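S.K.: only geometry, no sequence info:
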């Protein structure tokens with residue numbers, strides 16, 4: 001054991017993970033983020049970072065969510081190990097998770113971890129803050145928007161309704177579909193105005209049918225001033241009966 005190793009060990013509290021140099025952290029990060037590294041080395045790096053509990057370690061563990069590998073069982077085990085290491089960090093993990101979510105191709109794992117780290121009221125605020133980073137313009141990969149909108153549908157509130165409504169005009173058809181689905185999950189009749197407006201602008205038959213189906217299932221009354229536009233925009237399988245959307249007989 002070298003002098004510096006001895007010194008750092010003497011100054012650690014019982015149970016405290018060893019402090020690693022920047023060079024060693026870089027080495028561990030490279031192992032975690034590369035599917036070309038040996039499984040054993042990568043898994044050992046994940047375990048070592050998971051014991052540290054620092055924001056720097058969390059940032060490196062998050063890189064394991066960037067890619068998948070075969071066999072899928074090993075992939076799942078490694079990602080769960082990385083997730084457990086991030087959870088163990090507690091509050092210090094939040095800033096790295098927020099930063100990661102701004103650039104990630106998929107939010108499945110970081111959102112799963114986030115749900116375990118914060119109570120429901122804080123979770124909704126975190127999700128809304130992440131969604132606010134996105135606009136409705138075209139993006140190559142709309143999956144993060146879809147995942148956030150879909151998850152927010154599980155937490156009905158006025159704030160969620162307002163945040164999701166703007167994505168009815170998103171450039172991506174799957175995002176618009178997810179937004180309509182989430183709004184019906186929120187189950188607030190005041191969304192009728194936004195939904196009917198979207199129906200009139202929508203070109204996708206799938207989204208039109210989703211909006212019409214939701215309006216028919218909820219029996220939400222269409223305000224008089226919106227009925228002409230609603231009637232003209234409904235897909236053939238639906239019609240306006242007095243104030244409600246119904247299936248055409």
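M.R.: Good, I have the coordinates. Please read these numbers as outputs of a predicted model, since none were measured by experiment.
S.K.: can you give me the helices in the chain?
M.R.: For the chain, applying DSSP state H gives helices covering 3-10, 22-33, 39-50, 55-62, 72-89, 94-103, 108-117, 120-131, 143-152, 158-165, 173-186, 192-201, 205-218, 227-233.
S.K.: could those be laid out in JSON lines, adding mean pLDDT and distance to residue 249?
M.R.: In this view, the C-beta of every residue, glycine as well, is placed from N, C-alpha and C. Shown next, in JSON lines, are the helices of the chain (pLDDT from 0 to 100; distance: least, CB to CB, whole Å):
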{"stretch": "helix 3-10", "mean pLDDT": "45", "distance to residue 249": "78"}
{"stretch": "helix 22-33", "mean pLDDT": "95", "distance to residue 249": "58"}
{"stretch": "helix 39-50", "mean pLDDT": "97", "distance to residue 249": "59"}
{"stretch": "helix 55-62", "mean pLDDT": "98", "distance to residue 249": "53"}
{"stretch": "helix 72-89", "mean pLDDT": "97", "distance to residue 249": "47"}
{"stretch": "helix 94-103", "mean pLDDT": "97", "distance to residue 249": "47"}
{"stretch": "helix 108-117", "mean pLDDT": "97", "distance to residue 249": "42"}
{"stretch": "helix 120-131", "mean pLDDT": "96", "distance to residue 249": "40"}
{"stretch": "helix 143-152", "mean pLDDT": "98", "distance to residue 249": "33"}
{"stretch": "helix 158-165", "mean pLDDT": "98", "distance to residue 249": "31"}
{"stretch": "helix 173-186", "mean pLDDT": "98", "distance to residue 249": "23"}
{"stretch": "helix 192-201", "mean pLDDT": "97", "distance to residue 249": "21"}
{"stretch": "helix 205-218", "mean pLDDT": "98", "distance to residue 249": "12"}
{"stretch": "helix 227-233", "mean pLDDT": "97", "distance to residue 249": "16"}
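S.K.: right, and those helices - which one's nearest residue 247?
M.R.: Comparison of the helices of the chain against residue 247 by CB to CB identifies helix 205-218 as nearest, at 6.0 Å.
S.K.: off-centre distance for that closest one?
M.R.: Centre-to-centre, helix 205-218 and its host chain are 24 Å apart (CA atoms, centre = their mean, to the nearest Å).
S.K.: what is it packed up against?
M.R.: helix 173-186, helix 192-201, strand 238-241, strand 244-247 (3 or more CB pairs under 8 Å, 6 or more residues apart in numbering; DSSP states H and E).
S.K.: pretty sure residue 170 contacts residue 145?
M.R.: Yes. Using CB atoms under 8 Å, residue 170 is in contact with residue 145, at 7.2 Å.
S.K.: ok, back up a step: out of the helices and strands packed on helix 205-218, which comes closest to residue 223?
M.R.: Closest of the helices and strands packed on helix 205-218 to residue 223 is helix 192-201, at 6.9 Å (criterion: CB to CB).
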